[in-house]
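In: what would the 3D arrangement of this be:
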Amino acid sequence: MSPPQAQETVHSFSELQAKLNEDYQELPLGNGAVTLERLTRELMRPMLKDWLDQHLPSMVERLVREEIERLVMLSQRRDRW
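Out: Now for the predicted structure:
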C-alpha cells in the first residue's frame with residue numbers, strides 16, 4: 001500500500017472513530033433506562049462481529065493478493081528498461 005493510500009485509510013478510520021464518539025441526543029425507550037441507540041448497538045455488535053469473522057479474512061487476503069500482484073507488475077515493468 002502506498003503511503004498516500006495508507007494515510008487516507010488512517011484518516012478514514014479516524015473519522016469513523018470520531019463519528020462513533022460524537023455526542024448526540026439518544027432517544028429513550030420505555031422508562032428511559034435504555035435508549036434506541038444503545039439497544040441497536042447491542043443488537044448489531046454480535047451480528048457485525050459474525051459478519052466480520054466470516055468475511056474479513058477473505059477480504060484482507062484478496063486485497064493483499066491484489067496489492068502484491070500490482071507491485072509485481074510494477075517491478076516487472078521497471079526491470080524491462
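In: in the chain, what helix or strand scores lowest on average pLDDT?
Out: strand 28-29 (a mean of 74; mean pLDDT, DSSP states H and E).
In: parallel or antiparallel, which strands does it pair with?
Out: Strand pairing for strand 28-29, using DSSP bridges, gives strand 34-35 (antiparallel).
In: could you give the mean pLDDT of the partner strand?
Out: Strand 34-35 shows a mean pLDDT of 82.
In: what's the helix or strand for residue 31?
Out: Assigned by DSSP states H and E, residue 31 falls within no helix or strand.
In: any idea how far the least confident helix or strand of the chain is from the chain center?
Out: Relative to its parent chain, strand 28-29 has a centroid offset of 29 Å by CA atoms, centre = their mean, to the nearest Å.
In: can you pull out the residues in contact with it?
Out: 34, 35, 36, 39 (CB atoms under 8 Å, 6 or more residues apart in numbering). To be clear about C-beta, it is placed using only N, CA and C from the backbone, and glycine gets the same treatment.
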